[in-house]
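> Below are the sequence and a predicted model; questions follow.
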Amino acid sequence: MATRVYSIDSMRIIAMLFVVVIHTNPFAGVGGYGNGLNFLLETVGRFAVPFFFITAGYFFAMKTADGPVWPYLRRRFSSIGSLYLLGIVLALPVFVSGTVTSAYAAGESVPRAVAAHLMRTVSPIELLYYGTSVSEILWFLPALFVSLAAISVFVVTETERYLLPVSVGLHLVGLLAASYTMVIDLSFQFRDGLFFGFFYTTMGYYVYTSEWQPTRDRSTLYLAVTIVFGLLHVVERFILGYWLPGQTFSAGVYSPTYTLFTAVSTLALFIFLLSRPSLGESTPLPSWGAYAVGIYVVHPPVLFVFEQVGDAILAVSTHSVVVILWHLLFTPATFFGALAVYLILHRLHVIEIGGSHLPSWPHIQSKQPQR
């Protein structure tokens, strides 16, 4: 197989677009049809985060196949850590300003509100493990490191035979806590490294280490399987969210995290992409894939700003044309706004795309032109 898989690079930017779709909730609350469309978009988009975990596990296995694990893990930790720090540095001031505005409008003590906000951000477990202390959106980065670290422990101790069953067991427990509460009532946070990311990253790791290569001549079959599992995913989420509770789209929006068919449909998609490694090579999508992680890190504060703009617009006019137009613009505005901020940071030499994302003054100084 070629070192570069163009199909996966292409899918990165598409998956990132769906991550933004999930966070912007297009057409949610715009009547029954709007809620139905939102449900469909969210269901389709749920492949995105698992896809990123599977991809990370796949390339982790590839990079460590002929060498020691810990040096590569240290490099990944440095990369993930710099991205996480950048996300915090960008999001915290914006969210604190929102707290200031809300406290001032409510006639509350601004210093007290800001202090309470900052205290919530220094919770060690929320900051370092769950990744939700500043922005819930950033949870993926600590979860990815925990997932890779967990796999590394199994690899170094030569107990890889237990890797898949352990990760599957943990994920099933997490699913019971998140989406299948009618079976057993478990109450804990599911979106983390051990109960969520570990399973998907392990799947990617196993796809590579199995030494099975999906072939192009069966790519049509893999695509058909992906579509079938994708449709079953829609049916599964509809049953869980609407049929079992006896609800309709008009009653509201159902948005659970992930379900059983999220895993099989995402895995089928990944296998299809491996069977067509040159897919997208002649398009701009593979090069855009390099921006996916930057858009992810930057988009929480951009999303927050546009949410405030949307609230202000809809407070002035609730005409159906205005509402629909806003829902049409909200997602692309957030996506391309985050991309623009990311590229500006690169042009200003605050960060380096493909390199360090640690915002540091010495790094900026070193990039200044010499006179």
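Arrived safely, thanks for sending.
> Distance of Arg161 relative to Leu260?
Counting by CB to CB, to the nearest Å, the separation of Arg161 from Leu260 is 24 Å. C-betas here are computed from N, CA, C, even on glycine.
> and Thr283, which of the three is it?
At Thr283, secondary structure determined by DSSP: H, G, I helix; E, B strand; the rest coil is coil.
> What is the burial count for it?
Using other CB atoms under 10 Å as the criterion, Thr283 is surrounded by 11 other residues.
> next one: the one 10 residues further on
Residues lying near Val293 (other CB under 10 Å) number 20.
> On the secondary structure side, give me the element for it.
helix 292-316 (DSSP states H and E).
> Also Pro277?
Using DSSP H and E, Pro277 sits in no helix or strand.
> and Phe188, helix, strand or coil?
Under three-state DSSP, Phe188 falls in the coil class.
> what about it, distance to Leu176?
Computed with CB to CB, the distance linking Phe188 and Leu176 is 10 Å.
> Next: Tyr33.
33 Å.
> Where does pLDDT dip in the stretch 201-350 of the chain?
Scanning the stretch 201-350 of the chain for pLDDT under 70 picks out the ranges 254-256.
> Who has more neighbours out of Arg161 and Leu260?
Shown here are Arg161 and Leu260; by other CB under 10 Å, Leu260 has more neighbours (15 against 8).
> for that one, what are its contacts?
Residues near Leu260 by CB atoms under 8 Å, 6 or more residues apart in numbering: 175, 236.
> If we use 10 Å, what do you get?
Contacts for Leu260 were tallied using CB atoms under 10 Å, 6 or more residues apart in numbering; they are 171-172, 175, 179-180, 232-233, 236.
> Of Tyr33 and Leu176, give the one with the bigger neighbour count.
Taking other CB under 10 Å, Tyr33 and Leu176 do not tie; Leu176 has more neighbours (16 against 11).
> What does the pLDDT read for the more buried one?
Confidence per residue is given as pLDDT, and for Leu176 that number is 87.
> likewise Gln189?
According to the model's per-residue confidence, Gln189 sits at a pLDDT of 80.
> and if you look at the one 3 residues further on?
In this model, Asp192 is scored at 92, pLDDT.
> Do I have it right that it meets Phe145?
No - the pair Asp192 and Phe145 fails to qualify as a contact (CB atoms under 10 Å) at a distance of 11.3 Å.
> residues shared between the contacts of those two?
The contact lists of Asp192 and Phe145 share 129, 131, where a contact means CB under 10 Å, 6+ apart.
> Could you identify the buried members of the contacts of Leu260?
Neighbour counting over those (16 or more other CB atoms under 10 Å) leaves 171, 175, 179, 233, 236 as the buried ones.
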